[in-house]
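Undergrad: build me a model:
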Amino acid sequence: MCLLHNLNLEAATSTHTRTCCRDPIFSERARESERTNSSEMAPLCLLYVLRHGRSLANEASLIVSSEENGVKPEYALAPAGKEQAAAAGKLLADELLWLGADADADATTAIRVTFYVSPFSRTVETAAIAAQAFEEAVASAAAAAGTAAATQTPRVLNLAGPPRVERALRERWFGAALELQNHDGYSPAWASDAKDPSSRPPGQGDGESVREVAARCAELLQRLAERHGGAGSGGEGGEEQEAQEAIVLVSHGDTLSILQAAASGGGGGSLCEHRKFGLSTAELKRVGSLPDAARKAAEVAATGVAAR
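TA: Numbers count the residues shown, from 1 in each chain. The predicted model follows:
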């Protein structure tokens, strides 16, 4: 699937009527960004998470958590999952095209968007479809901005390139005995997680604990923050500086629930309670500032308790 990069809306001299998509797949839509006059703050990098769309493994009620099996095409997306992935990409475009529009109608700072993805077939396919739908939505907004009916200008969005595979986003390994077994096997593992984030799935000496997944997620967030986020973060009292980058992590249910628990730094954020951060298939969620998420995740990974 070919991706068109560096989509630029600067040529649009007219403005476009804002239309916010309220699809339930985009949970907990975040407060829109406000501009700041501070020149000392580093560019803000927003962090989004996207769970893969409904997969063939989901439809077969199978646990597919090993990399060996996870990369196989027979465990890629089901038809419904492909539709979900496209919807998520369009929703991301809608979020970023109009980010800050209510606070400042002239907010035109470009946002560079980068997708990182687990190597599993279901996530790779989700990321490719979502990125394609994202660029199509941006192109459509550029075309609509030149019409006589337009009343507002969308932002400039630059797609950094094809999704980048990042192994740290792989699925949580539930152990050999549960691999390719019925997904009912998840429940005992989650019950064990709630008691001790250092425990492995029951009877699975080779499975990953929540704390181990949190550690690799924290390391990834730190690397990405150094690469993309600088030192910028959201301001006090709900104010934020204007975003200049957005990172989208395309991964799996447990990996993303654990990552969010670590990055939340608030009530219910302990690793034992990671299931409170569970996502539906192809659910897209804005986490916040990447540097803030990296800092909090590092603290939680070290202690198992949410950073305050």
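Undergrad: any idea how many residues pack against the nearest residue to Glu179 once chain neighbours are set aside?
TA: Spatial nearest neighbour of Glu179, chain neighbours left out: Ser66 (5.4 Å); criterion: CB to CB, 6 or more residues apart in numbering. (Glycine included, C-beta is placed from N, CA and C.) A count of nearby residues for Ser66, using other CB atoms under 10 Å, gives 19.
Undergrad: quick one, what contacts Ser66?
TA: Residues in contact with Ser66, defined by CB atoms under 8 Å, 6 or more residues apart in numbering, are 173, 176, 179.
Undergrad: kindly indicate which of those lies nearest Glu273.
TA: Trp173 (20.9 Å; CB to CB).
Undergrad: right, and the closest one touches Asp206 too?
TA: Yes - at 7.4 Å, Trp173 counts as touching Asp206 under the criterion of CB atoms under 8 Å.
Undergrad: so for the two, which sits in the more crowded spot?
TA: Counted by other CB under 10 Å, Trp173 and Asp206 do not tie: Trp173 has more neighbours, with 21 against 12.
Undergrad: residue boundaries of the helices in the stretch 1-150 of the chain?
TA: Using DSSP state H, counting those that start in this stretch, the helices of the stretch 1-150 of the chain run over residues 56-59, 67-70, 79-97, 121-144.
Undergrad: what angle do the third one and helix 121-144 make?
TA: It stands for helix 79-97. Helix 79-97 and helix 121-144 are oriented at 50 degrees to each other (axes from the mean of the first three to the mean of the last three CA atoms, to 10 degrees).
Undergrad: so what does helix 79-97 touch, helix or strand wise?
TA: strand 44-51, strand 111-117, helix 121-144, strand 157-159, strand 243-251, strand 284-289 (3 or more CB pairs under 8 Å, 6 or more residues apart in numbering; DSSP states H and E).
Undergrad: can you list those in JSON lines and add distance to Pro73, mean neighbour count and mean pLDDT?
TA: Listed next are the helices and strands packed on helix 79-97 as JSON lines, based on distance: least, CB to CB, whole Å; neighbours: other CB atoms under 10 Å; pLDDT from 0 to 100:
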{"stretch": "strand 44-51", "distance to Pro73": "19", "mean neighbour count": "26", "mean pLDDT": "94"}
{"stretch": "strand 111-117", "distance to Pro73": "16", "mean neighbour count": "22", "mean pLDDT": "96"}
{"stretch": "helix 121-144", "distance to Pro73": "6", "mean neighbour count": "23", "mean pLDDT": "95"}
{"stretch": "strand 157-159", "distance to Pro73": "25", "mean neighbour count": "21", "mean pLDDT": "91"}
{"stretch": "strand 243-251", "distance to Pro73": "17", "mean neighbour count": "25", "mean pLDDT": "92"}
{"stretch": "strand 284-289", "distance to Pro73": "24", "mean neighbour count": "21", "mean pLDDT": "95"}
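Undergrad: let's have the ones you listed in JSON lines, adding distance to Pro79.
TA: JSON lines is the format used below for those (distance: least, CB to CB, whole Å):
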{"stretch": "strand 44-51", "distance to Pro79": "17"}
{"stretch": "strand 111-117", "distance to Pro79": "20"}
{"stretch": "helix 121-144", "distance to Pro79": "12"}
{"stretch": "strand 157-159", "distance to Pro79": "25"}
{"stretch": "strand 243-251", "distance to Pro79": "19"}
{"stretch": "strand 284-289", "distance to Pro79": "20"}
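Undergrad: how about those, which one is nearest Gly278?
TA: strand 44-51 (8.8 Å).
Undergrad: may I have that closest one exported as PDB, CA atoms only?
TA: Output of strand 44-51 as PDB, limited to C-alpha atoms (Å, rounded to 0.1, in the frame of the first residue of the first chain):
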ATOM      1  CA  LEU A  44       5.300  19.400  22.400                       C
ATOM      2  CA  CYS A  45       5.100  15.800  21.200                       C
ATOM      3  CA  LEU A  46       1.700  14.100  21.600                       C
ATOM      4  CA  LEU A  47       1.400  10.400  22.200                       C
ATOM      5  CA  TYR A  48      -1.400   8.200  20.900                       C
ATOM      6  CA  VAL A  49      -2.000   4.500  21.300                       C
ATOM      7  CA  LEU A  50      -4.000   2.300  18.800                       C
ATOM      8  CA  ARG A  51      -4.900  -1.300  19.400                       C
END
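Undergrad: tell me which other helices or strands that strand touches.
TA: Looks like strand 44-51 contacts helix 79-97, helix 121-144, strand 243-251, helix 253-264, strand 284-289, helix 290-303 (3+ CB pairs under 8 Å, 6+ apart).
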